[in-house]
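[1] Kindly generate the corresponding structure for this input.
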Amino acid sequence: MTERAAVLLPLVLVAALAAISCGGGGVSVSSSVAELTNPFLGPEHSDWLVGAISRLATAQEIQQYLALKDDQQAAAFIEAFWAHRGNPVREAFDSRSAEADRLYSEAGFGGHRTDRGVLFVLYGVPAKVDFEVSPVSGGPPIEVWTYGAHAPSGLDGKRPNSLYRFIKRGDLTVLYFPGAGSQPMIPQIEPPNRP
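    Take a look at the predicted model:
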């Protein structure tokens with residue numbers, strides 16, 4: 001094990017334990033922060049997959065990236081990843097990520113890696129943002145994003161759900177599903193199945 005991996009491995013294990021302790025609540029998370037972090041890479045590249053990137057990458061690309069052993073391989077992989085998707089997608093991604101960082105950074109996470117930020121990066125500005133009364137007396141209000149039934153496809157090639165709800169849990173605003181509980185969905189949001 002390299003020195004860098006020896007230092008990062010405990011951090012990855014802590015993240016994995018934190019993800020496990022958040023509980024399920026019936027909401028499926030495809031990959032945790034720990035599962036998308038490559039401990040063999042330096043800080044600039046180790047968590048590159050965390051956030052909206054994991055929604056753009058194929059399962060095969062995720063496996064390939066996690067198998068990389070040095071930063072030069074990672075840099076080459078990232079360039080090939082964006083070359084495959086084209087300049088307009090990369091420019092939109094970079095622009096929206098910067099704006100998400102400005103608007104949604106919280107609890108030590110860059111905005112492009114928070115639940116609201118991931119949706120913003122993938123689908124852009126919602127058609128409407130509103131608030132609902134908390135389902136718990138004295139609890140935080142629920143933030144509601146509406147994209148509408150006819151919203152265009154996002155950077156991931158999928159159309160957003162018509163509606164997303166968020167609630168503040170501690171220092172982090174997370175997706176909220178009534179009756180299912182809420183937990184941080186970073187880095188990957190799995191929206192409920194459409195009927």
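[2] how about the host helix or strand of Gln60: buried residues?
    Assigning secondary structure by DSSP states H and E places Gln60 in helix 59-66. Going by neighbour count (16 or more other C-beta atoms under 10 Å), the buried part of helix 59-66 is Glu61, Ile62, Tyr65, Leu66. C-beta: built from backbone N, CA, C; applies to glycine.
[3] And it, what does it pack against?
    Counting contacts by 3 or more C-beta pairs under 8 Å, 6 or more residues apart in numbering; DSSP states H and E, helix 59-66 is packed against helix 71-85.
[4] Show the low-confidence segments of the chain, by residue range.
    Where the chain drops to pLDDT under 70, the residues are 1-31, 180-195.
[5] and if we set it to 50?
    Regions of the chain meeting the criterion pLDDT under 50 cover residues 1-30, 183-195.
[6] ok, now how distant is the residue located most distally from the centre of it from Phe131?
    In the chain, the residue that sits farthest from the middle, by C-alpha atoms, centre = their mean, is Ser137; the gap is 29.4 Å. Taking C-beta to C-beta, to the nearest Å as the measure, Ser137 and Phe131 are separated by 16 Å.
[7] now the helices for this protein?
    3-21, 43-46, 53-56, 59-66, 71-85, 87-104, 115-123 (DSSP state H).
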